[in-house]
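**Student:** Output the structure for:
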Amino acid sequence: MSDLLSSEPKGRNWRVSLNVAITAAVILVVAGLGVWQVFRFVDSLRERDLRTWQDRLALVADSRKDAVEAWLTEQWQDVADIADSDSVRLFLTQVKLANGDVSKVQDGEAQAEYLQNMLIVRADAAGFKAPVLGPDVPADVQRTGLAGMAILALDGKVLVQTRNMPAADLATRQFLAGAAKAARTLRDVFLDPAKRPAMGFLVPIYQVQGEAVADQQVGWIYGIKEVGGELYPKLKQPGDIETAESLLVREEGAVIRYLSPLQGNRPLLSLALATNTPDLDSARAFAAPGGFDIRRDYRNVPVLFTSRKIAGTPWLLLYTVDRSTALGPSDRRARDLLVAFLLGILLLTAGIVALWRHGASQRASEAARRYRELAQRFEHQGNFLRLVTDSQPNVIFIADEEAHYRFANRKASEEAGIAADDMLGKTLAQVLGPDIAKRLERLNREALDDEKMISDLRRVGSGAALRVLQSEHIPLTSMPDIVPRGVLVVEQDVTTAVIERERRERTLAKLVKSLVSLVDRRDRYAADHSARVAIVAQAIAGEMGLEPRLIETAEIAGNLMNLGKILVPSDILTKEGRLSEEEMEQVRDSLDATAEFLEGIEFDGPVVETLRQSRENWDGSGRPRGLAGDAILPTARVIAVANAFVAMVSPRLNRPGLDMNAVVEALVRGMGTRFDRGAVAALINYLDNKGGRTAWAEFTQMPRH
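**Tutor:** A predicted model of the protein is given here:
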């Protein structure tokens, strides 16, 4: 008996040791699974943010690619139009028949002089011009041309050229000699004698009534222009983030040449990096055009990037964003979540170990006491979590897949009229009613199915009792060991903000309507003109990809632009004959008066400044401040084009409206001088491809009043 009694503790110790080993293994497995789930959740957050940035970069890259390719198409068209001219083809055909001797061509010199004048006009209109390099003094000082157009014989001999056309240096001769017959040839970006970026466009000319084949080619049209002021602005995305950068690059053997301006004021075309530079973004882009990756840029800074091939060129458009800007917030959020989750798992594991040790090593009463202490500790942690959420002014609760409450804060309890503890386990329908529950369950299911946050806005009640509630439904799908699969719902009352926004919108609409009607009573054509300008401006701004706030700004400015006409005498507004210059100036000055009238009124966008700048010209020759280029608000550039279009196409008492084709030609002639090329191109695209000609056909009719 004594042996049995003595052996009993040994058996118990053996069983205890086995239990210790099993329990320790289970704890380690559970802790390991918890850590794995935490890392998996954090990685999913990073992947989600990375996909978001991939989509964002792709949209911008596609936009800039389209802008660059549209610009290139415009240049080719400007040169090709000359090559297709019957007078040019006839002259070159005669020169070819005369074996290249212009003197043997009937009226050869007269034809050459006519073609030179035509080239000068076309070159000026298309921007193939630049100030001559060198002092403009009455002395025998050599001056160097930088841009122009020339008609060449097949052997490259210059037959006709614009004044100040650059001389054919060695590089030009090599370029012409290497051009394939019957093919357009691009002379890629190079630095001209003024150390500014330039490009050349070579287009074949075919004999009269000939086909576009090599044996019927009779010459070339060659255009050269400085492109820094036209091409590089196409790379800039309106409203882009500070660290984003759009670059043009090309491969030159074993190096990659950067063609566009770089940070740090580096000289243009001065940077060329080897294609085997470790981790270089541009090298990766050429290896896999169109892809998305994280590499290092020319500054050796980590960036997110994507690329696009530019059709018809050896260029690659490279769009980058500093990794610290794009993923910095995501990295910090992931790090904080990781630390918090790991600490939670560590605390939970420590608690389980402590509970097991006390339960296995002491009497049942001691184990119970220890369990109560541990339970109190977890209860305190739970109370702390509840304290944090109860301090929030928003409704916060967690619902599982079966729409049962798993957690609810004080605000949720107050809204439901039920104690928070009593809500746990109940369905949403039992607490909130079937109508509200049905809406929330649908949103929760959508968030779980798509595994992404869903936002919703709903109105409750009416009149003075109206409430506008915004809810965010956040799926909890990556932490099944910590939180059951479900949805975290955060609901906040945004009634005040929404009602105030809607009130401001109604007030603004009434103000615009009242002001337009005021002008309409004095000038029966002004209201129609303003409304039409607003319609056209809205379409142009949309085609240019401006943000919604600026599209609305352009529309409002168009509606209000004629408000200043209340200062113009009625006899001028209703005059049937041609207005004198002084009378025209009074009408033009009414735009400035409109801006002064509206000064101090709070609009969501720069309406007043848009009206004030709407008379500025792209080349700086406008009023009132002589602004030029991108210094003019994009909305003001839009209004200038829209106003000119409506003014020309609409009939007036003293003249009929112009044909839309004639109006388009007039606007094209004004590109680069009066008008922004982008705004004119957007209008033309809307007319030709978006049904603008049909929709606005009524503009050409006299309004009925």
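
**Student:** contacts and neighbour counts: CA atoms only from here.
**Tutor:** Fine.

**Student:** What are the structural domain limits within this structure?
**Tutor:** As given by automatic domain parsing, the domain ranges for the chain are 1-55+244-293+320-390, 84-226, 392-493, 499-700.

**Student:** Ok, which of the ones you listed comes nearest residue 73?
**Tutor:** Relative to residue 73, the nearest member of these by Cα to Cα is domain 84-226, separated by 11.0 Å.

**Student:** Show me what the mean pLDDT comes to for that closest one.
**Tutor:** Mean per-residue pLDDT for domain 84-226: 90.

**Student:** quick revisit: could you dump the domains of the chain into a markdown table and include distance to residue 75?
**Tutor:** Listed next are the domains of the chain as a markdown table, based on distance: least, Cα to Cα, whole Å:
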| stretch | distance to residue 75 |
| --- | --- |
| domain 1-55+244-293+320-390 | 18 |
| domain 84-226 | 8 |
| domain 392-493 | 45 |
| domain 499-700 | 12 |
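
**Student:** What segments of the stretch 351-500 of the chain are strands?
**Tutor:** Counting by DSSP state E, counting those that start in this stretch, the segments of the stretch 351-500 of the chain that form strands are 395-400, 405-408, 454-460, 467-476, 486-493.

**Student:** Out of the ones you listed, which gets the lowest mean score?
**Tutor:** If you rank the strands of the stretch 351-500 of the chain by mean pLDDT, strand 454-460 sits at the bottom with a mean of 82.

**Student:** Any chance of the domains of the chain in TSV with mean neighbour count and distance to residue 303 as columns?
**Tutor:** As requested, these are exported to TSV (neighbours: other Cα atoms under 10 Å; distance: least, Cα to Cα, whole Å):
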stretch	mean neighbour count	distance to residue 303
domain 1-55+244-293+320-390	15	4
domain 84-226	18	26
domain 392-493	17	26
domain 499-700	19	25
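
**Student:** hey, least reliable of these by pLDDT?
**Tutor:** With a mean of 75, domain 1-55+244-293+320-390 has the lowest mean pLDDT of these.

**Student:** which residues are in contact with stretch 185-200?
**Tutor:** The contact list for stretch 185-200 (Cα atoms under 8 Å, 6 or more residues apart in numbering) reads 133, 144, 146, 175, 179, 201-203, 222-228, 259, 268-269, 313.

**Student:** same thing but 6 Å
**Tutor:** Identification of contacts with stretch 185-200 by Cα atoms under 6 Å, 6 or more residues apart in numbering yields 201-202, 223-228.

**Student:** ok so, going back, tell me which of the domains of the chain lies nearest to residue 236.
**Tutor:** Distance to residue 236, taken as Cα to Cα, is lowest for domain 1-55+244-293+320-390 among the domains of the chain, at 6.7 Å.

**Student:** Three-state assignment for residue 699, please.
**Tutor:** Following DSSP: H, G, I helix; E, B strand; the rest coil, residue 699 is assigned to helix.

**Student:** you'd agree it is up against residue 648?
**Tutor:** No: look at residue 699 against residue 648 with Cα atoms under 6 Å: they stay out of range, at 9.9 Å.

**Student:** pretty sure residue 100 belongs to a helix, no?
**Tutor:** No: counting by three-state DSSP, residue 100 falls outside a helix, being coil.

**Student:** Give me the distance between it and residue 175.
**Tutor:** Residue 100 sits 21 Å away from residue 175, going by Cα to Cα, to the nearest Å.

**Student:** likewise residue 440?
**Tutor:** Taking Cα to Cα, one finds residue 440 at 68 Å from residue 175.

**Student:** Confirm for me that residue 469 is in contact with residue 458.
**Tutor:** Yes: using Cα under 6 Å, residue 469 is in contact with residue 458, at 5.4 Å.

**Student:** For the stretch 51-200 of the chain, which segments count as helices?
**Tutor:** Remark: helices assigned in the stretch 51-200 of the chain by DSSP state H, counting those that start in this stretch are 86-97, 108-126, 170-177.

**Student:** wait, which of these is closest to residue 671?
**Tutor:** So among the helices of the stretch 51-200 of the chain, helix 108-126 is nearest, using Cα to Cα, at 7.8 Å.

**Student:** Specify the angle between the closest one and helix 86-97 in degrees.
**Tutor:** Helix 108-126 and helix 86-97 are oriented at 140 degrees to each other (axes from the mean of the first three to the mean of the last three Cα atoms, to 10 degrees).

**Student:** just checking, what packs against helix 108-126?
**Tutor:** With contacts taken as 3 or more Cα pairs under 6 Å, 6 or more residues apart in numbering; DSSP states H and E, helix 108-126 sits against no other helix or strand.

**Student:** Swap in 10 Å and give it another go.
**Tutor:** Packed against helix 108-126 by the contact rule (3 or more Cα pairs under 10 Å, 6 or more residues apart in numbering; DSSP states H and E) you find helix 2-83, helix 86-97, strand 148-153, strand 158-161, strand 217-226, helix 660-669.

**Student:** which is the next helix or strand following the last one?
**Tutor:** So that's helix 660-669. helix 677-689 (DSSP states H and E).
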